[in-house]
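Asker: Just the structure for this:
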Amino acid sequence: MKRLLIANTAVWVVDAVLGLFHYGGLVQWALAFVPAATLYRPWTILTYMFVHGSFFHLLFNMLGLFFFGPQLEERWGSREFIKFYLIAGLGGALLSCLMPRVPIIGASAAVYGVMLAYAMYWPDNQVYIYGIFPVKVKWLVAAIVVISIFSALSPSGGGGVAHLAHLGGFATAFLYLKSPWAPSAWGPSISTPKKPRARAKAKTGLAAHWPGQAASKPAAPQNPPGATRTRPDEQALLDDVDRILEKISARGLGSLTDEERQRLDEVSRRYRSN
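Answerer: Numbers count the residues shown, from 1 in each chain. Reported below is the predicted structural model:
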């Protein structure tokens, strides 16, 4: 995720610096996606999602990525997270083909895909809009989807905002997560703590396009209350899990063997039963 934040920010900085020398539109001209020109500019189907029209356009998208992305990256691994991000962005470009001569820029389609994935995993986590009004993530995402639909269908076409791209990001993210290739299909059904012996609750800061806070994410499975010693066979299992989790952190869930997945499932079932 850090690489995505850096890449988006770097492109904006280059655009801003060129603007000081009266070349402000050069980056957008070179990297924006225009569906009708795809055959002549095929790279733009990817590059458009790293270009932003203003500082606040960049800021809001990066805030969404920063607050909603870490838990997904922790669950999937960095490689699969970036892959998912790009797939959602490509979906935004695809639906934008309904308006072939309208150029689009921005990471919104990809970020909205990330938000949808977060809402599918942790639907009841709360976001505080403006730091005051609590709303569950699932309702926040549903509201954005509805607003995007009505805006895309409005006579004005959304007032210069690429609502079709937003909807494409949502739709592609949903279909991908329901497909056999979804990252969740390669791992256990719940997040496994990096240190299964630890009893600390994981917390996360969470916000959307509005400044705010969020409730902590569901606590990771914990050791049985009162357990002070670990049997040798259980200790060996936990050590094995630590090794597997380090592998996930380095190469993602897709690198696990069937035996390693079974190990994680065994630990998951053991903690749930306790």
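Asker: ok so Asp239 is a strand residue?
Answerer: No - with DSSP: H, G, I helix; E, B strand; the rest coil as the criterion, Asp239 is helix rather than part of a strand.
Asker: What distance do you get for it to Asp265?
Answerer: Counting by Cβ to Cβ, to the nearest Å, the separation of Asp239 from Asp265 is 17 Å. Every residue, glycine included, has its C-beta placed from N, CA and C.
Asker: Between those two, which has more neighbouring residues?
Answerer: Asp265 (15 against 11; other Cβ atoms under 10 Å).
Asker: hang on, the more buried one is in a strand, isn't it?
Answerer: No - checked against three-state DSSP, Asp265 lies outside a strand; its state is helix.
Asker: In contact with Phe84, which residues?
Answerer: Leu72, Trp76, Gly113, Val114, Ala117, Ala173, Tyr176, Pro183 (Cβ atoms under 8 Å, 6 or more residues apart in numbering).
Asker: Pull out the buried residues from the longest helix along the chain.
Answerer: Using DSSP state H to define each element, the chain has its longest helix at helix 55-76. Residues of helix 55-76 classed as buried under the neighbour-count rule (16 or more other Cβ atoms under 10 Å) are 57-58, 60-76.
Asker: Ok, stretch 107-123 next?
Answerer: Taking 16+ other Cβ under 10 Å as the neighbour-count basis, stretch 107-123 is seen to contain the buried residues 107-122.
Asker: Now do the most centrally placed residue in the chain against Pro183, distance only.
Answerer: Central residue check for the chain by Cα atoms, centre = their mean: the C-alpha nearest the mean position is that of Val114, 2.8 Å away. Val114 sits 12 Å away from Pro183 when distances are taken as Cβ to Cβ.
Asker: Tell me where this protein has strands.
Answerer: When secondary structure is read from DSSP state E, the chain shows strands at 126-129, 133-136.
Asker: Serialize those to JSON lines and add fields for distance to Ile87 and mean pLDDT.
Answerer: Conversion of the strands of the chain to JSON lines gives the following (distance: least, Cβ to Cβ, whole Å; pLDDT from 0 to 100):
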{"stretch": "strand 126-129", "distance to Ile87": "24", "mean pLDDT": "84"}
{"stretch": "strand 133-136", "distance to Ile87": "26", "mean pLDDT": "88"}
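Asker: Show me which of these has the highest average neighbour count.
Answerer: Here the criterion is mean neighbour count by mean count of other Cβ atoms under 10 Å, and of those the winner is strand 126-129, at a mean of 18.
Asker: Output that strand as PDB, nothing but the C-alphas.
Answerer: What follows is strand 126-129 as a C-alpha-only set of coordinates in PDB (Å, rounded to 0.1, in the frame of the first residue of the first chain):
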ATOM      1  CA  GLN A 126     -18.300   2.300  12.400                       C
ATOM      2  CA  VAL A 127     -17.000   5.400  10.800                       C
ATOM      3  CA  TYR A 128     -17.600   8.800  12.400                       C
ATOM      4  CA  ILE A 129     -18.500  11.400   9.800                       C
END
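Asker: on contacts alone, who are the packing partners of that strand?
Answerer: Judged by 3 or more Cβ pairs under 8 Å, 6 or more residues apart in numbering; DSSP states H and E, the packing partners of strand 126-129 are strand 133-136, helix 137-153.
Asker: 6 Å - rerun?
Answerer: Applying 3 or more Cβ pairs under 6 Å, 6 or more residues apart in numbering; DSSP states H and E, one finds that strand 126-129 makes contact with strand 133-136.
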